[in-house]
Structure formats: C-alpha cells, structure tokens
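Novice: Structure of the sequence below:
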Amino acid sequence: MITMINRYLNPVRRRRGLTNVVTTLILLTFAVLLAVTATAYTNGVTRAQMNSAGQERIRFYKTHVWVEALANGTDWGVVAFKLHNLGGKSISVVLIDVRSWEMDWSRVYFHTINETSEGSLLYSDLDYFSWASLNGSSVIIDGYNYTQATGSVYVKSGERVIVYIKAPEFIYKDNIGTPVSIAVGTSNANFFTECVAESAT
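Specialist: Numbering: from 1, shown residues only. Got it, this is the predicted structure:
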C-alpha cells in the first residue's frame, strides 16, 4: 500500500518541482525584461533631456568689467563680453543681469560678428570703451558699429555677438579685484559667468 502511494506521489512531486523551476524562470524573465525596459526608457528620457539642453548652449568669453572711479566720488563701469551660441537653434536673449540687477536695454550695445569679413574679432580681446561714449542708437567701437538694443537680442546658431553694457548698477571702485556675476537669460534657461572687475585706468 505504501509503495503504491509513493508511486502515485513521486510523479506529482516531480511535476511540482518542474513547475517551480518553470515559474521561477518565467519570473526571472519578466524581471529581466522589466529591468531592460526601464533602463531603455530612462536612457531615452536622459538622451532627450540632454539633446533638448544641448540645443541651447551659450559660451561667454573675453569677459571684462571695467570700473572708472571719478573725481567727484561717483563710480561708473562698463561690462563687455563675447557670446557664442553653441546650440543647434537660434536663441533670444531676453535679459541680461549684472550683479543680479537686470539691465535696461537702452544700456546694452551689441555687434554680431560677421565671421567671413570680421575674422579678427572672433578671438581678439576687447578694449575698454568709456561709459560716457555709449550714447545714441549706435556707436563705433574699434571701427565696428554697435547697435543699441531695444528689446530681445537674437543670436542664430553658431553666431557670436559682442556686448557692451553701460554703467551697470552697483559697480563701484570697491569691486575692483573682486568677482562680478553676469547672467544672460533666454526664454528657456539662464547662463552665468563671473569676471574679476578691473580698473579702467
């Protein structure tokens, strides 16, 4: 009797063991597939974010903050920098901050570099230009015409722009030798840099 029971039970036990193995394999397969799917999704989202961020990239270079200390105790400064649009699309510069103070567009003068005819401007340093001379709708700086901004400044993909800013607020002779923050804001992001202020004389 015991032998007969064992004969009937052993196949059942074997089948249960096989079922456990198969179930475990199925669960492991689903776990692996879920992990692969999650990884692929995460990588896709990360790449999309990187590509999105990569489409709008700005590089500051040749940045200067000059401070002119006047005899009457008033101090005025001039900020100048080159801006290179490294992204894959045009950008609109909607604000410029100096020391966290938004500049009025009437103080901003810019010149878009023509890389074909003005190659020397691509990497040359910028010269000081008196804040008092930054007047009118346009000025000539080092032989090039700079336009007074009336609103957002558009920079095409790959273009470089030179910017001069007249008399930013809160720039004093006490700032000479200390970092001054500069920020450029587009409709999608803000880009920051710092520059050590120097004497204009």
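Novice: Pretty sure residue 200 sits against residue 66.
Specialist: Yes - counting by C-beta atoms under 8 Å, residue 200 touches residue 66, with 4.1 Å between them. C-beta: built from backbone N, CA, C; applies to glycine.
Novice: quick one: the strands in the protein?
Specialist: Using DSSP state E, the strands of the chain run over 58-69, 75-85, 91-93, 95-98, 101-102, 108-112, 138-141, 144-148, 153-155, 160-166, 179-185, 190-196, 198-199.
Novice: Look at the closest residue to residue 103 other than its chain neighbours and say how many residues are nearby.
Specialist: Excluding the flanking residues, the one nearest residue 103 by C-beta to C-beta, 6 or more residues apart in numbering is residue 96, at 4.7 Å. Neighbourhood size, residue 96 [other C-beta atoms under 10 Å]: 25.
Novice: Give me the pLDDT for residue 96.
Specialist: pLDDT, residue 96: 96.
Novice: Show me the beta-bridge partners of it.
Specialist: Counting by DSSP bridges, residue 96 is bridged to residue 184.
Novice: One more: residue 165?
Specialist: Here residue 165, judged by DSSP bridges, has bridge partners residue 79, residue 108.
Novice: Identify the contacts common to residue 200 and residue 66.
Specialist: Counting by C-beta atoms under 8 Å, 6 or more residues apart in numbering, the contacts common to residue 200 and residue 66 are 77-78, 128.
Novice: follow-up on the earlier one: now render the strands of the chain as JSON lines, adding distance to residue 22.
Specialist: Shown next, in JSON lines, are those (distance: least, C-beta to C-beta, whole Å):
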{"stretch": "strand 58-69", "distance to residue 22": "58"}
{"stretch": "strand 75-85", "distance to residue 22": "59"}
{"stretch": "strand 91-93", "distance to residue 22": "58"}
{"stretch": "strand 95-98", "distance to residue 22": "64"}
{"stretch": "strand 101-102", "distance to residue 22": "67"}
{"stretch": "strand 108-112", "distance to residue 22": "69"}
{"stretch": "strand 138-141", "distance to residue 22": "79"}
{"stretch": "strand 144-148", "distance to residue 22": "75"}
{"stretch": "strand 153-155", "distance to residue 22": "62"}
{"stretch": "strand 160-166", "distance to residue 22": "65"}
{"stretch": "strand 179-185", "distance to residue 22": "60"}
{"stretch": "strand 190-196", "distance to residue 22": "57"}
{"stretch": "strand 198-199", "distance to residue 22": "76"}
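Novice: out of those, which comes closest to residue 172?
Specialist: Smallest distance to residue 172 across the strands of the chain (C-beta to C-beta): 4.5 Å, for strand 75-85.
Novice: So what does the closest residue to residue 94 other than its chain neighbours look like in phi/psi?
Specialist: Take residue 94 and drop its neighbours on the chain: the residue closest to it by C-beta to C-beta, 6+ apart is residue 152, 5.0 Å away. Main-chain torsions, residue 152, degrees, to the nearest 10: phi -50, psi 140.
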